[in-house]
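Undergrad: okay, predicted coordinates and the sequence, questions at the end:
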Amino acid sequence: MAPKGKRYLDAVKRLDREQLYSAAEAIDLVKSLATARFDETVELAVRLGVDPRRADQIVRGSLSLPHGTGRSVRVAVFAAGDAATDARAAGADVIGSDDLVQRIEREGFLEFDVAIATPDLMAQVGRLGRVLGPRGLMPNPKTGTVTTDVGRAVAEYKAGRIEYRTDRVGNIHVPIGKASFEPPRLLDNLRALLDELQRVKPAAAKGRYVRSITVSSTMGPGVRVDPARAKATDEELAATA
């Protein structure tokens, strides 16, 4: 593991790694610790009480964050005819059908962050499973990336729609904005994701569902959030102080 830089070590000294903070406190800390010379991405990591080895406990989906992510997203669309025209009008970066499939197969073209496909082309796109699957780029109906309304899907991902999925130990990592965002915008995005995770809670999940929550910036240390106070407003927290 590469040694941590001076900025990171200085940030750690200013943080109590064992303390659990409210979401608002955590956001303020993360912003103050984001001292890189670029606009760092703010990420949310949630440990869920699920067993991803069981199909009925995989947590996966997508949602549009209230304030987007602040990232520029490159979208590739597998479509033809009117659907391709709609995708182009919505701002898709790469559009094609068999030609795009072949470009990925033969040239290893992967210069995109999201792939969207119309259902009629999934037979061809399916050939790319070994390439797109491990990179999280395979279109899937559960995330809204297999759809007849490609124009709408492109517009949503360009505006900040994100995908989430539990990894092999039950963690979810997603961007919720940039360090330059005002705190209320980051809080809105954080709470929107937590609400979404509660909405899709598997019926088979037992015990405590949200085990831990951590917020961090690209170059900064993780700040732990108290799950019991993660969605409370400042007014609610003040009333219980």
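TA: Now that the structure is in, tell me what you want to look at. Numbers count the residues shown, from 1 in each chain.
Undergrad: the chain: strands as residue ranges?
TA: 41-48, 60-64, 75-78, 94-96, 114-117, 161-165, 171-178, 210-217, 223-225 (DSSP state E).
Undergrad: now distance to residue 106, mean neighbour count and mean pLDDT too, for the ones you listed, in TSV please.
TA: For glycine as for every other residue, the C-beta is placed from the backbone atoms N, C-alpha and C. Shown next, in TSV, are those (distance: least, CB to CB, whole Å; neighbours: other CB atoms under 10 Å; pLDDT from 0 to 100):
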stretch	distance to residue 106	mean neighbour count	mean pLDDT
strand 41-48	33	21	96
strand 60-64	30	18	90
strand 75-78	16	28	98
strand 94-96	13	19	97
strand 114-117	17	27	97
strand 161-165	27	20	91
strand 171-178	32	20	95
strand 210-217	39	20	95
strand 223-225	45	23	94
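Undergrad: want to throw these into CSV with distance to residue 54?
TA: Formatted as CSV, the strands of the chain follow (distance: least, CB to CB, whole Å):
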stretch, distance to residue 54
strand 41-48, 13
strand 60-64, 13
strand 75-78, 31
strand 94-96, 36
strand 114-117, 27
strand 161-165, 14
strand 171-178, 16
strand 210-217, 17
strand 223-225, 27
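Undergrad: to residue 187, which of these lies closest?
TA: For residue 187, the closest of those is strand 171-178, at 9.2 Å, according to CB to CB.
Undergrad: which outside residues touch that closest one?
TA: 39-48, 59, 65, 67-71, 162-167, 185-186, 189-190, 193, 197, 215 (CB atoms under 8 Å, 6 or more residues apart in numbering).
Undergrad: tell me which residue is most central in the chain.
TA: Nearest to the mean C-alpha position of the chain, by CA atoms, centre = their mean, lies residue 174 at 3.1 Å.
Undergrad: report the beta-bridge partners for that one.
TA: residue 44 (DSSP bridges).
Undergrad: follow-up on the earlier one: of the strands of the chain, which is nearest residue 136?
TA: strand 161-165 (7.2 Å).
Undergrad: ok, the closest one: who's next to it in the sheet?
TA: For strand 161-165, pairing defined by DSSP bridges yields strand 60-64 (antiparallel).
Undergrad: hmm, who's touching the partner strand?
TA: 140, 142-145, 156, 159-166, 192-193, 196, 200.
Undergrad: same deal with stretch 28-43?
TA: Taking CB under 8 Å, 6+ apart as the rule, stretch 28-43 contacts 7, 10-11, 14-15, 21, 27, 69-71, 173-181, 183, 186, 215-221, 223.
Undergrad: how about it as CSV, C-alpha atoms only?
TA: Extracted C-alpha coordinates of stretch 28-43, given in CSV (Å, rounded to 0.1, in the frame of the first residue of the first chain):
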residue,chain,number,x,y,z
ASP,A,28,-19.2,19.8,7.3
LEU,A,29,-16.1,17.8,8.3
VAL,A,30,-15.7,16.2,5.0
LYS,A,31,-15.8,19.5,3.2
SER,A,32,-13.3,21.0,5.7
LEU,A,33,-10.9,18.0,5.1
ALA,A,34,-11.1,18.2,1.3
THR,A,35,-7.9,20.2,0.7
ALA,A,36,-6.8,18.8,-2.7
ARG,A,37,-6.1,21.1,-5.6
PHE,A,38,-9.1,19.7,-7.5
ASP,A,39,-12.8,19.5,-6.7
GLU,A,40,-13.0,16.2,-4.8
THR,A,41,-15.9,13.8,-5.2
VAL,A,42,-17.8,13.2,-2.0
GLU,A,43,-18.7,9.5,-1.6
